[in-house]
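A.B. asks: test case, fold it:
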Amino acid sequence: MDKFEIDLYPLLFWYNYFSMFEGFIKKIVLISRLCWDDWRFRHLLFLVSTVLVVILYGYYFGTFDQASHIPFLKKSVDPTLYPNDHFFDLRSTHYSFFWLFFAPMIKIHFLEISMFVVHLLVTYLTFWAIWSLSITLFKNPLTSFITTIAFIFPHIGFSGFPLFEFSLLNRTFALPFELFALNYYLKKQELRTFFILGLIYNIHVISVNFFMVMICFDVLLRIRKYGLFFLVKTIALFILGALPVLVWKFGNSGIDIRVHYEWFDLLNRSTFFHLFNFISLKNIQVIFISLNGIASLCLFFIFSRGLHEEKHQVSRNFIYAGICVLLVQFISTYAFPSTIIIQSQISRIGILISSFSYFYVAYYVASLFRKSTENKAIVMFAALIFTLLPTLFLITYCFENKITSKYLAYVATGIITIFFSTILITIYSVNLWSPGFYIYPRQSTFTEMQIWARDNTPKNAIFITPPEKWWMYETEWRVLSERSSVSTISELLEAAFDPTYISYWRPRFEAVAPGAIKQFDGNPFANLNITKNAYNSLHKEDIMNISHAYNASYVLVEKPTRYRLPIAYQNEEYIMYKIK
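C.D. replies: Model (predicted):
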């Protein structure tokens, strides 16, 4: 190959890259029409979208929020596990019947498979609900197809979470049914809406509250149309559906509107800063999340203007309700952190705000396709799919009119693709994105130590373990070991629902990670590192004191940390010591 051919090779690559856009609009329109006309193609679209979500997001068992749900479930099946571990008293703060359905699966050793199957099913149903909601809003096959494709990729707005997640939770199970209920409301089938939401209230209280706030806000704004009797009737129907969990909740406790400043301060500085705060000079990620949330609002109002049908006014009322909820969160964070507001994590309504915005973004992109403005359509379609951040899509939209030729469109699309790749590499490097396929727990040297503890120690054994060992893709100690730990940082996920737990947790955590709490500043990455360093600073005398205070029989340390204690087991990265 001579020099001329070597220089020509990159040009051939880019030519092939851009040539795939030739006839792109016609192909998209044809596929969308097939999905509209034939239910088999439509459900194939949902199935392919589901598979792509699992590939893109990954699937994990026993990590993140499941760090508490799985041990809670195991405890409910075998009460002899984790004896005298007060962490399991927090099970009563979860008013949901969801996990009880998986109790029989543990007994027949089918838990992991059954959870994965349900995860696939609810992801599939969520795409079906997205398609249906788009049809109701716009009655256009191209818009519904583009909307479905768009939601395969995450879009980050307020609260920093995407619509889909990488594991099965009660909130992910509830989502498709909540979206179907919202669709029924837009189709003016209100009684069905409220009854479905009432039933799903038994699965996930917090997320249903968001949908109820949006719908009731719209009803109150149009109370002259509906009438007071209608509101009473629908609320009664909701209560009927939600009656089991309401009896459970109010039979155990009421609503706490008091302020627990110490509890809120600890949650705010440890693991929940991004959920409570909108402005921070110390934590840039909070400003980043807020800007993208504001951008998603801008996108909604830009692309919903000019749409005057009643259903679009209802959509605007939903967004207004979401804004009001975020304002309540703002006041609660900076002025009056009422317990019930903090427990409800109401800023998560931002996920719905951002998601609803993208329905209208997809409608706008589809309108470019219908107008045969191919250059703009290609760029904005690429921006819809690949700009994971609403801010980037908004910037692309601002420069849309500058795209006057297909060559500029190709260049802009290439730039968007490069940005997309850069973002993926960045979030991968900081372990915010780690695609993988783990129906069973991801194997590591840490999970090996958990399995050893489960198979070689009595059920009442208490362990001193690295308290920072938990994250989005890290299995927490209690999940596989089925043994108690003196204290871990992941317990704060559940302490968020019970202020009284802090008085139990704090001294134990101070013992295993001395001085760490004082250094917490709201950055979760830094906090995990601070906790790790504090734990590794412990001396043998500290270990013996913790053992005596909390009746611990074993201590797990990460190499090269070593103590002069009998070694019970070790592998490449960890040593398990037996404390006499």
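
A.B. asks: thought Glu494 was touching Ser93, still the case?
C.D. replies: You called it Ser, but residue 93 is Thr. Yes - with contact defined as C-beta atoms under 8 Å, Thr93 and Glu494 form a contacting pair (6.8 Å). The C-beta positions use only the backbone N, C-alpha and C, and glycine is treated the same way.

A.B. asks: higher neighbour count, these two?
C.D. replies: For Thr93 against Glu494, the residue with the higher neighbour count under other C-beta atoms under 10 Å is Glu494, and the figures read 22 against 15.

A.B. asks: quick one: contacts for that one?
C.D. replies: Residues in contact with Glu494, defined by C-beta atoms under 8 Å, 6 or more residues apart in numbering, are Ser68, Phe87, Leu90, Thr93, Tyr501.

A.B. asks: how much space between the nearest residue to the last one once chain neighbours are set aside and Phe509?
C.D. replies: In this structure, Tyr501 finds its nearest non-sequential neighbour in Ala495, 4.5 Å apart by C-beta to C-beta, 6 or more residues apart in numbering. The gap separating Ala495 from Phe509 is 10 Å, by C-beta to C-beta, to the nearest Å.

A.B. asks: likewise for Trp263?
C.D. replies: Here the criterion is C-beta to C-beta. By it, Trp263 lies 14 Å from Phe509.

A.B. asks: and for stretch 244-261, what's in contact with it?
C.D. replies: Contacts of stretch 244-261 with the rest of the structure, by C-beta under 8 Å, 6+ apart, involve 92, 95-97, 201-202, 205, 239, 336-340, 343, 499, 502.

A.B. asks: my read is Lys282 is in a helix, agree?
C.D. replies: No - judged by DSSP: H, G, I helix; E, B strand; the rest coil, Lys282 forms no part of a helix; its state is coil.

A.B. asks: hmm, back to that, nearest to Val77, of the contacts of stretch 244-261?
C.D. replies: For Val77, the nearest member of the contacts of stretch 244-261 is Phe97. The distance, counting by C-beta to C-beta, is 15.0 Å.

A.B. asks: for the residue nearest to that closest one when sequence neighbours are not counted, helix, strand, or coil?
C.D. replies: Leaving out its chain neighbours, the residue that sits closest to Phe97 by C-beta to C-beta, 6+ apart is Asn202, at 5.1 Å. The assignment at Asn202 comes out as coil when based on three-state DSSP.

A.B. asks: please apply the same query to Tyr569.
C.D. replies: Local secondary structure at Tyr569 is given as strand here, using three-state DSSP.

A.B. asks: ok, the residue nearest to Phe97 - contacts?
C.D. replies: Going by C-beta under 8 Å, 6+ apart, the list of residues near Asn202 reads Ser96, Phe97, Gly241, Ala242, Pro244, Val245.

A.B. asks: try Ile31
C.D. replies: Taking C-beta under 8 Å, 6+ apart, we find Ile31 in contact with Phe41, Phe145.

A.B. asks: model confidence for it, exactly?
C.D. replies: In this prediction, Ile31 carries a pLDDT score of 87.
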